[in-house]
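1. got a structure for you, letters missing:
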Ligand SMILES: C[S@@+](CC[C@H](N)C(=O)[O-])C[C@H]1O[C@@H](n2cnc3c(N)ncnc32)[C@H](O)[C@@H]1O
Ligand SMILES: [Zn+2]
């Protein structure tokens, strides 16, 4: 059986247009609803359940993660880039290693499997440029993994072309993660890296994600961290100017943040701050000019590993998407507290918070 059809079967995807839980069947280039006969486009095994019309978030990320910028190839060629990104820090590495290990032995610890070997089920909500799929799906994990990635951008087929193993154990859906997937499937792991804050109503998205975690399963997410007052104010000011711009124009404007960051980085003198300055949220210490300016006043990313083009991509990612909520750590922990879910790991870096939590076993 063709892999896409097999995955469709095990996910039991329903038609998002029908209330009656009608199933979707893959039929060549279309997924067809057995109830209302609606047709949903299928390309490279990606099913578009979102609809052709994009919104500005989708348009932004269609360019950011598409073939023209080719971010996945950049990360492959520049492994050092990952260490610089929040995605390469926090608890992600350990979590992916745990998932890979389980997948190698097809060892879900789901009690409902009754000791049978079953694939480890992963829902990668807002799967972006395919970075998580690339890390999880390998020759020795693909037989023990069922991977579902969802995102609203239109470059998903281009990503599958670069990740041929994905089609053997996974599926990408064009889908708004603000809503539960049109499937009753529950997952061993739901991951949502650096994306919840880009959805219009993160609380609703959080509930949608949690609804797909099986009893005893885990959810991992990272969100933007709230910064000091000056940096927050300037973020808001420049977002208000850049967010409404057409996507390519916003990319061009973002080059100026890169140029400023590069210029500041060329200053090698250190700035010594002799006491804590809470009004600026600055701690006593020694800083490079760029770090002091960047962390407390204005995001203007430049890193030689990223070069000018990909540094601009980072600035564009910061200033252009329409939604970019920021949080205190306590707020994020409270989401889990409210649900009575057990936080297994929580950590923060300058840019983001990360939480790994477990849904109580039944
Ligand atoms: C900063 S990227 C993170 C991508 C990926 N999770 C990672 O860490 O590599 C944010 C992603 O969220 C996606 N996104 C934003 N709003 C979304 C929504 N409502 N539904 C699905 N995806 C969304 C964007 O298209 C983008 O790919
Ligand atoms: Zn239907």
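-> Yep, it's here. Note that this is a predicted model, so its numbers are computed, not measured. Ligands and ions are numbered 1, 2, ... in the order given.

2. switch to C-alpha atoms for all contacts and neighbour counts from now on
-> Will do.

3. list the buried residues for stretch 63-71?
-> 63-67, 70-71 (16 or more other Cα atoms under 10 Å).

4. what pLDDT does the closest residue to residue 183 other than its chain neighbours get?
-> Nearest non-adjacent residue to residue 183, counting by Cα to Cα, 6 or more residues apart in numbering: residue 13, 4.8 Å away. The model reports residue 13 with a pLDDT of 90.

5. circling back: filter the buried residues of stretch 63-71 down to the ones near ligand 2?
-> Among those, not one lies near ligand 2 by Cα under 5 Å from the ion.

6. dump the residues you listed to a markdown table, plus distance to residue 198 and secondary structure.
-> What follows is these, written out as a markdown table (distance: Cα to Cα, whole Å; DSSP: H, G, I helix; E, B strand; the rest coil):
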| residue | distance to residue 198 | secondary structure |
| --- | --- | --- |
| 63 | 16 | helix |
| 64 | 14 | helix |
| 65 | 15 | coil |
| 66 | 18 | coil |
| 67 | 22 | coil |
| 70 | 21 | coil |
| 71 | 19 | helix |
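
7. using JSON lines, please lay out these together with distance to ligand 1 and pLDDT.
-> Listed next are the buried residues of stretch 63-71 as JSON lines, based on distance: Cα to the nearest ligand atom, whole Å; pLDDT from 0 to 100:
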{"residue": "63", "distance to ligand 1": "10", "pLDDT": "96"}
{"residue": "64", "distance to ligand 1": "8", "pLDDT": "96"}
{"residue": "65", "distance to ligand 1": "7", "pLDDT": "97"}
{"residue": "66", "distance to ligand 1": "10", "pLDDT": "95"}
{"residue": "67", "distance to ligand 1": "14", "pLDDT": "94"}
{"residue": "70", "distance to ligand 1": "13", "pLDDT": "93"}
{"residue": "71", "distance to ligand 1": "10", "pLDDT": "95"}
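
8. among those, which pair sits farthest apart?
-> Maximum pairwise distance among the buried residues of stretch 63-71 (Cα to Cα): 10.2 Å, between 63 and 71.

9. run the chain-centre distance for stretch 82-99.
-> 12 Å (Cα atoms, centre = their mean, to the nearest Å).

10. in that stretch, what's buried?
-> Neighbour-count burial for stretch 82-99 [16+ other Cα under 10 Å]: 86-87, 89-92, 99.

11. quick one, helices of the stretch 1-150 of the chain?
-> 3-11, 56-64, 71-77, 79-84, 92-104, 131-136 (DSSP state H, counting those that start in this stretch).

12. winner for burial among those?
-> Counting by mean count of other Cα atoms under 10 Å, helix 56-64 has the highest mean neighbour count of the helices of the stretch 1-150 of the chain, with a mean of 21.

13. that helix - contacts with which helices or strands?
-> Counting contacts by 3 or more Cα pairs under 8 Å, 6 or more residues apart in numbering; DSSP states H and E, helix 56-64 is packed against helix 247-265.

14. need the residues that contact the next helix or strand along the chain from the helix it packs on.
-> Per DSSP states H and E, helix 247-265 leads on to strand 270-273 as the next helix or strand towards the C-terminus. Under the contact criterion Cα atoms under 8 Å, 6 or more residues apart in numbering, strand 270-273 has outside partners 283-289.

15. now the residue of the chain positioned farthest from its centre: how far from residue 282?
-> Within the chain, the residue lying farthest from the chain centre (Cα atoms, centre = their mean) is residue 274, at 38.5 Å. Using Cα to Cα, to the nearest Å, one obtains 11 Å as the distance from residue 274 to residue 282.

16. equivalent analysis for residue 47, please.
-> 47 Å.

17. these two - which one has more neighbours?
-> Per other Cα atoms under 10 Å, whichever of residue 47 and residue 282 has more neighbours is residue 47, with 24 against 15.

18. who is that one paired with across the strands?
-> residue 42, residue 173 (DSSP bridges).

19. which residues touch it?
-> So residue 47 contacts 31, 40-41, 172-174 (Cα under 8 Å, 6+ apart).

20. change it to 10 Å
-> Neighbouring residues of residue 47 by Cα atoms under 10 Å, 6 or more residues apart in numbering: 4, 8, 26, 29-31, 40-41, 150, 156-157, 171-175.

21. just give me the closest of those to residue 263.
-> Nearest to residue 263 among the contacts of residue 47, with distances taken as Cα to Cα, is residue 156, at 35.5 Å.
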